[in-house]
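Trainee: Just need the structure, nothing else, for what follows:
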Amino acid sequence: MNIVVAVLILGLVVIIHELGHFLVAKTNGITVVEFSVGMGPRLASFVHKGTRYSLKLLPFGGSCLMLGEDETVEDEGAFHKKGIWARFSTLFAGAFFNFILAFVLALIILGDVGVDKPYLSEVRAGTPAEAAGLLKGDMITEIDGSKIHMSREIMYHFYFNPMSDKAVELTVLRDGEERSFTITPEYVEEQSGYLMGFSYNAFREKASPLEVIKYSFYELKLNIVNTIKSIGHLIVGKISVKEVSGPVGIVNVVGDIVDESESYGIHTTLLSLAQFTILLSANLGVMNLLPLPALDGGRLVFVLLEAIRRKPVPKEKEAIVHMVGMALLMLLMVFVMYNDIRNIFVR
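Mentor: As a prediction, the model looks like this:
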């Protein structure tokens, strides 16, 4: 069942991504040769208005194959025959639709369970937080220059910027007025780490429709920013490659979510899975915009180069770059699959 749920979630995220390419390509008059869900051999397909719609064997991908995307084709519907904006918007649309999916799911979740506003729920006696003057009920709005809108942003901020003996600048909202504090974390032997001595709100409170919309944007931003920061930490070695997961890892995460939430009922389980889908969809959107060959971001680079140079890069050369990129992407997928399987046995 966990595999089925994971496949459904992956399928939804991929279909929305490819649907973005498909709809904008059609709007721009680009001929879509095939729109497929899945990878590998076709299980079923049909042709409608010149486009083949296919369901393929492996449920971990999909594609929107456009005429003239990788080769020169003398047809007015060919991708390369369209203007720079038409091609740019078509390529960007996949990631943009993933962001839309994440935003819509955030609307549903926040509209149902509310918003976790970053109020301080406790300021412990004898701690740096108390000494600095923080009070229970203060709402954190900024940490070291980073805006804070939800309590989870506090956790993620200190995940990416671990506390040390360096002073932390906090801005809080108290009685409608913003106040700034400087707090130097204290090392606590029992916790094996630095602490400031406050706890923050972990519960959600109902929000007005306008607040739900506003905080849904914050939710989307949080997931996009966290993905970008995670990629940066991975590049510089602050995050181990062993933490990178693929389809098998997603199945394991889905299993963990179901196991941890099923005792609270189907409603909570669905909301938890929707929250994970937000993360997955935002991740896919960001990853596809990376300027790497074979990804949408790599293709966008060539479109931008054409805009700057005022002439296109020869399609043959671009195709070779994307072909090499695809080969490297396949090797990465093999590594990620190995990583997933290894993680199953060392959990």
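Trainee: hmm, which helix or strand of the chain has the shakiest average pLDDT?
Mentor: Every helix and strand in the chain was compared by mean pLDDT, DSSP states H and E; the lowest is helix 315-346, with a mean of 71.
Trainee: Give me the neighbour count for the residue lying closest to residue 325 once chain neighbours are set aside.
Mentor: Nearest residue to residue 325 in three dimensions, chain neighbours excluded: residue 293, at 2.4 Å (Cβ to Cβ, 6 or more residues apart in numbering). All C-beta spots, glycine's among them, are computed from the backbone N, C-alpha and C. Residue 293: 20 surrounding residues under other Cβ atoms under 10 Å.
Trainee: can I assume residue 293 sits in a strand?
Mentor: No: assigned with DSSP: H, G, I helix; E, B strand; the rest coil, residue 293 falls outside any strand and is coil.
Trainee: Could you check how far it is from residue 321?
Mentor: 5 Å (Cβ to Cβ, to the nearest Å).
Trainee: what does the model give the residue nearest to residue 325 for pLDDT?
Mentor: Looking at residue 293, its pLDDT stands at 83.
Trainee: In this structure it contacts residue 326, no?
Mentor: Yes: counting by Cβ atoms under 8 Å, residue 326 is a contact partner of residue 293 at 7.4 Å.
Trainee: List the contacts of residue 11.
Mentor: 37, 59 (Cβ atoms under 8 Å, 6 or more residues apart in numbering).
Trainee: That one and residue 4: what is the separation?
Mentor: 10 Å.
Trainee: and residue 86, what does it touch?
Mentor: Applying Cβ under 8 Å, 6+ apart, the residues contacting residue 86 are 28-30.
Trainee: where's it, which helix or strand?
Mentor: Assigned by DSSP states H and E, residue 86 belongs to helix 84-113.
Trainee: Give me the buried positions along that helix.
Mentor: 86-107, 109-111, 113 (16 or more other Cβ atoms under 10 Å).
Trainee: where does residue 203 fall, helix, sheet strand or coil?
Mentor: coil.
Trainee: I'd assumed residue 116 was in contact with it.
Mentor: Yes: with contact defined as Cβ under 8 Å, residue 203 reaches residue 116; the gap is 6.8 Å.
Trainee: What segments of the stretch 101-250 of the chain are strands?
Mentor: Under the criterion DSSP state E, counting those that start in this stretch, the stretch 101-250 of the chain contains strands at 120-123, 139-143, 146-147, 168-174, 177-183, 186-188, 193-195, 198-200.
Trainee: got those as JSON lines, with mean neighbour count and distance to residue 38 columns?
Mentor: Output for the strands of the stretch 101-250 of the chain, formatted as JSON lines (neighbours: other Cβ atoms under 10 Å; distance: least, Cβ to Cβ, whole Å):
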{"stretch": "strand 120-123", "mean neighbour count": "17", "distance to residue 38": "46"}
{"stretch": "strand 139-143", "mean neighbour count": "18", "distance to residue 38": "43"}
{"stretch": "strand 146-147", "mean neighbour count": "12", "distance to residue 38": "40"}
{"stretch": "strand 168-174", "mean neighbour count": "18", "distance to residue 38": "48"}
{"stretch": "strand 177-183", "mean neighbour count": "13", "distance to residue 38": "52"}
{"stretch": "strand 186-188", "mean neighbour count": "14", "distance to residue 38": "51"}
{"stretch": "strand 193-195", "mean neighbour count": "16", "distance to residue 38": "45"}
{"stretch": "strand 198-200", "mean neighbour count": "19", "distance to residue 38": "43"}
